[in-house]
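S.K.: Got a sequence here, can you model it:
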Amino acid sequence: KHEWEKHGTCAATLEVLNSQKKYFGKALELYQHIDLNSCLLKAGIKPSSSYYQMTAIKEALTRFYGVTPKIQCLPPEQGEKAQTIGQIEFCFTKELQLRNCTALKGEPNPAPSDLKLGTEELSVCNDTLPTYYPSQVQ
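M.R.: Predicted coordinates:
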């Protein structure tokens with residue numbers, strides 16, 4: 001309900017997304033087409049207890065998809081040194097073609113930089129911290 005009311009009703013100005021069925025159906029289609037886990041696996045990045053460099057993750061995604069996604073992390077927990085990937089977001093044009101999620105100079109930021117995940121706050125990942133890519137975020 002939240003996703004439809006917050007995002008879907010705005011997207012519904014496009015005929016291809018003008019109903020709940022079309023909106024969520026297209027979201028699932030794009031999710032399967034992007035196949036994020038497969039892309040990262042090809043780059044040797046897999047959900048595990050290992051840490052990765054954020055720059056390596058960004059470079060793998062940008063090289064594979066040709067656009068810059070927005071990656072948001074949970075900050076390190078007290079006593080920890082690594083951030084945890086919470087969300088990887090791809091942006092699309094109104095024609096549903098992939099586009100960079102980073103704003104160009106003079107353009108408004110296409111997406112807010114902070115998001116709540118449960119009680120934790122997600123923010124744009126720090127490129128210098130080791131990064132944990134969990135099998136799921138709890």
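
S.K.: make it CA atoms for all contacts and neighbour counts henceforth
M.R.: Noted.

S.K.: Could you tell me how many residues sit around the residue nearest to Ser135 when sequence neighbours are not counted?
M.R.: Leaving aside its sequence neighbours, Ser135 sits nearest to Pro47 (C-alpha to C-alpha, 6 or more residues apart in numbering; 4.7 Å). The number of residues packed near Pro47 is 14, by other C-alpha atoms under 10 Å.

S.K.: Surely Pro47 is in contact with Thr131?
M.R.: No - the criterion here is C-alpha atoms under 8 Å, and Pro47 misses it with Thr131 at 10.9 Å.

S.K.: The strand or helix carrying Glu3 - contacts with which helices or strands?
M.R.: Take DSSP states H and E as the rule and Glu3 turns out to sit in helix 2-3. Applying 3 or more C-alpha pairs under 8 Å, 6 or more residues apart in numbering; DSSP states H and E, we find helix 2-3 packed against no helix or strand.

S.K.: what about that helix, distance to the chain center?
M.R.: In terms of C-alpha atoms, centre = their mean, to the nearest Å, the centre of helix 2-3 is set 17 Å apart from its chain centre.

S.K.: Downstream of it, the next helix or strand is which one?
M.R.: Next element after helix 2-3 (DSSP H and E): helix 9-11.

S.K.: for that next one, what is the average pLDDT?
M.R.: Taken as a whole, helix 9-11 has a mean pLDDT of 82.

S.K.: Just the buried residues of that helix, please?
M.R.: For helix 9-11, a neighbour-count test (16 or more other C-alpha atoms under 10 Å) marks Thr9, Ala11 as buried.

S.K.: now stretch 124-134
M.R.: Neighbour-count burial for stretch 124-134, counted by 16+ other C-alpha under 10 Å, picks out Val124, Cys125, Asn126, Leu129, Pro130, Thr131, Tyr132, Tyr133, Pro134.

S.K.: Just the endpoints, please. Distance across that stretch?
M.R.: Terminal residues of stretch 124-134 are spaced 17 Å apart (C-alpha to C-alpha, to the nearest Å).

S.K.: Equivalent analysis for stretch 76-84, please.
M.R.: 7 Å.
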